[in-house]
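dropping a prediction and its sequence here:
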Amino acid sequence: MVGYDYSLSKRTSLYARAGFIRNYGISTVILNSNPLPMQPGSTAPELGMTPLTASVGIYHLF
């Protein structure tokens with residue numbers, strides 16, 4: 001995971017985050033007790049995937 005915050009003011013900032021999990025074949029990712037990703041049309045986990053994530057946003061401290 002890597003990220004960056006850019007301050008617009010003392011209390012408001014923009015953020016960007018990106019990350020991935022390197023998967024070497026038979027692992028799966030668990031989120032809220034559910035394996036991700038799932039095989040299409042099934043409840044079985046898809047093994048050997050490398051999930052990627054990215055997010056951008058703004059936050060304000062009150």
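Cool, got the structure.

only C-alpha atoms for contact and neighbour calcs from this point on.
Fine.

most remote residue from this protein's center?
Distance to the chain centre peaks in the chain at Lys10, reaching 27.3 Å (criterion: Cα atoms, centre = their mean).

that one sits in which helix or strand?
Following DSSP states H and E, there is no helix or strand that holds Lys10.

any idea how far Tyr59 is from it?
11 Å (Cα to Cα, to the nearest Å).

how close does the residue sitting nearest the centre point of the chain get to Thr43?
Centroid check for the chain by Cα atoms, centre = their mean gives Thr53 as the closest residue, at 3.8 Å. As judged by Cα to Cα, Thr53 and Thr43 stand 22 Å apart.

how many residues are close by Leu52?
Counted with other Cα atoms under 10 Å, the neighbours of Leu52 add up to 11.

which residue, neighbours along the chain excluded, lies closest to Leu8?
Nearest non-adjacent residue to Leu8, counting by Cα to Cα, 6 or more residues apart in numbering: Leu14, 7.1 Å away.
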